[in-house]
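Undergrad: When you get a sec, could you give me coordinates for this:
(2 chains)
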Amino acid sequence: GQQVMQIPQYQHVQEGEDFTTYCNSSTTLSNIQWYKQRPGGHPVFLIQLVKSGEVKKQKRLTFQFGEAKKNSSLHITATQTTDVGTYFCAGLDSNYQLIWGAGTKLIIKP
Amino acid sequence: SAVISQKPSRDICQRGTSLTIQCQVDSQVTMMFWYRQQPGQSLTLIATANQGSEATYESGFVIDKFPISRPNLTFSTLTVSNMSPEDSSIYLCSARTGVGTEAFFGQGTRLTVV
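TA: Purely as a prediction, here's the structure:
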């Protein structure tokens, strides 16, 4: 079946360092969505990318959708403790089902 | 947007028993879903809850084990039947207002089977 691969599984950073997570689909996606799940919480929608090559920014977060609509990335500049959590990508397939990546856990080193 | 109320938030159950989880959305939504999430893992779709008809189950999930109801556009239940310790997990209700829209989630039900 269709899969969305997400890497890395974990990323440890010092506060103030940057963080990036990548997603790659085996097939072309209708759109890709990004979610954040805080420890003990539920996934919360961050953004949706629809167009080929689209780039969107939310303050320190930059989201990209690849030209082929198969890959996407989320980059956080100058991480803060409030950024801690797991970031999931979810691709919308041709059947309008969300295919979830494995998630990348952002850990801030003490 | 949609706000989803899910209950119970957690439960500890004896093996062999059943638990029904309720999900109430504050607005009419097109699609409702049930997911399972093991700690530290991604979301696994159990089924799509269809209004007034049988749910659509994903591979590995069957109606006898996870009966689902959706009597109207804003309410759904998931029952975990004849529970075993392997059913211990977090169960999440989700809803979308349209085919290409974002997913909203309930707070989740943390189930422990002893």
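Undergrad: Was I right to think residue A:17 contacts residue A:79?
TA: Yes. Judged on CB atoms under 8 Å, residue A:17 makes contact with residue A:79 at a distance of 5.9 Å. C-beta coordinates here come from the backbone N, C-alpha and C atoms, glycine included.
Undergrad: Looking at the two now, which is surrounded by more residues?
TA: residue A:79 (20 against 14; other CB atoms under 10 Å in any protein chain shown).
Undergrad: Bridged to residue A:65, which residues?
TA: In this structure, residue A:65 bridges to residue A:72 when assessed by DSSP bridges.
Undergrad: Kindly provide the distance from it to chain B.
TA: Residue A:65 sits 14 Å away from chain B, going by CB to the nearest CB, to the nearest Å.
Undergrad: can you tell me how far residue A:99 sits from residue A:108?
TA: In this view, residue A:99 and residue A:108 are 29 Å apart by CB to CB, to the nearest Å.
Undergrad: Then residue B:64?
TA: Distance from residue B:64 to residue A:108, by CB to CB: 45 Å.
Undergrad: Residue A:98 too?
TA: Going from residue A:98 to residue A:108 by CB to CB gives 28 Å.
Undergrad: the more surrounded of those two?
TA: Ranked by neighbour count (other CB under 10 Å), residue A:98 and residue A:108 place residue A:98 first, with 24 against 18.
Undergrad: Not counting its neighbours along the chain, what's nearest that one?
TA: Spatial nearest neighbour of residue A:98, excluding adjacent residues (CB to CB, 6 or more residues apart in numbering or on different chains): residue A:90 at 4.4 Å.
Undergrad: I'd like the next helix or strand past the helix or strand encompassing the one you found.
TA: According to DSSP states H and E, residue A:90 maps onto strand A:85-92. Next along the chain after strand A:85-92, taking DSSP H and E as the criterion, comes strand A:98-100.
Undergrad: Chain neighbours aside, what residue packs nearest to residue 14?
TA: In the absence of a named chain, this looks at chain A. Excluding the flanking residues, the one nearest residue A:14 by CB to CB, 6+ apart is residue A:109, at 5.2 Å.
Undergrad: Let me rephrase: I mean chain B.
TA: In space, and not counting its chain neighbours, residue B:14 is closest to residue B:114: 6.4 Å by CB to CB, 6+ apart.
Undergrad: thought that neighbour was touching residue B:15?
TA: Yes. Contact criterion CB under 8 Å: residue B:114 and residue B:15 qualify, at 6.9 Å.
Undergrad: what is in contact with the two at once?
TA: Shared contacts of residue B:114 and residue B:15 (CB atoms under 8 Å, 6 or more residues apart in numbering or on different chains): residue B:85.
Undergrad: With neighbour numbers in mind, choose between the two.
TA: Legend: neighbour count by other CB under 10 Å for residue B:114 and residue B:15, higher for residue B:15 (12 against 9).
Undergrad: In this structure that one contacts residue B:111, no?
TA: No. Checked against CB under 8 Å, the pair residue B:15 and residue B:111 is beyond contact range at 11.8 Å.
Undergrad: doesn't residue B:86 fall inside a helix?
TA: Yes. Checked against DSSP: H, G, I helix; E, B strand; the rest coil, residue B:86 lies within a helix.
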